Structure formats: C-alpha cells, structure tokens
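Asks: no sequence for this one, just the structure:
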C-alpha cells in the first residue's frame, strides 16, 4: 500500500472513531428547548434521543443511535432529516430510512428522560 493511501485510510478511521466515541459525550438539552421546526439530540450519554418538534408543536422522538453502526445522528435543517455523520445514512423525522447504508428504521422513543 502506498504511504499516501495508508495515511488517508488512517485519517478516515480516526474521524469515524471520534464520532463513535465523542458523540456519546456531547452536551445535551431538554426537549423543552426544541423550537417548532427544529431538531436536537437530547438526553444523557448512552440514552440520547433525537427530538424534532414540528411546526404545529408536536414532538417526534426516535433513538439517536444510527442502526447501521451506532453513531449518533445529527439534525439536518436543510433536509429536515436526521443524518449519520459516520456513513451518510439519513432518516425522516419519524425515523424511517431515507438513504442507506442503514436498512432498519430508528426506534421510536417515549420522552421522560
């Protein structure tokens, strides 16, 4: 393997590891802080929930853990979707897979963290 390819592979591997580990310790907010039309990951590390409040004020809560390899999803306001930073899976506000590699929907969650 050429040194350049090896360095690129190592760099990408480190980025993914940072997401897998670092996302578990991100600061979280309460669902009350989620404004209409906004999504946020709330809860404590290991028990994070992806919360979206629709324009009518209804809360949609799903697991924040991507079903592909377990990275924590993040809110994409431009697409109104939950996106996985590790491999690009995208999910609707209801947790349905919009784009893989994930093939399983995010689990629905009850709030009361």
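Replies: Sure, I can see it. Bear in mind the structure is a predicted one, so any value in this text is a computation, not a measurement.
Asks: Mind checking the pLDDT average for stretch 89-100?
Replies: Stretch 89-100 carries an average pLDDT of 96.
Asks: For it, buried residues please.
Replies: Neighbour-count burial for stretch 89-100 flags 89-93, 95, 97 (criterion: 16 or more other C-beta atoms under 10 Å). Heads up, the C-betas are built off the backbone N, CA and C, glycines and all.
Asks: measure that stretch end to end?
Replies: Stretch 89-100 stretches 5 Å from its first residue to its last (C-alpha to C-alpha, to the nearest Å).
Asks: ok, now stretch 82-102?
Replies: Here the two ends of stretch 82-102 are set 12 Å apart, with distance taken as C-alpha to C-alpha.
Asks: For it, give me every contacting residue.
Replies: Contact with stretch 82-102 is made by 16, 19-20, 23, 39, 50, 52, 54, 60, 62-64, 66-69, 71-76, 79-81, 103-108, as judged by C-beta atoms under 8 Å, 6 or more residues apart in numbering.
Asks: which of these count as buried?
Replies: Buried among these (16+ other C-beta under 10 Å): 19, 23, 39, 50, 52, 60, 62-64, 66-68, 71-75, 81, 106.
Asks: Mind checking which of these are in strands?
Replies: Judged by DSSP state E, strands contain the following of the buried ones among the contacts of stretch 82-102: 39, 50, 52, 60, 62-63, 74-75, 81.
Asks: So the nearest residue to residue 81 once chain neighbours are set aside versus residue 49, what's the distance?
Replies: Excluding the flanking residues, the one nearest residue 81 by C-beta to C-beta, 6 or more residues apart in numbering is residue 90, at 4.9 Å. Counting by C-beta to C-beta, to the nearest Å, the gap between residue 90 and residue 49 amounts to 18 Å.
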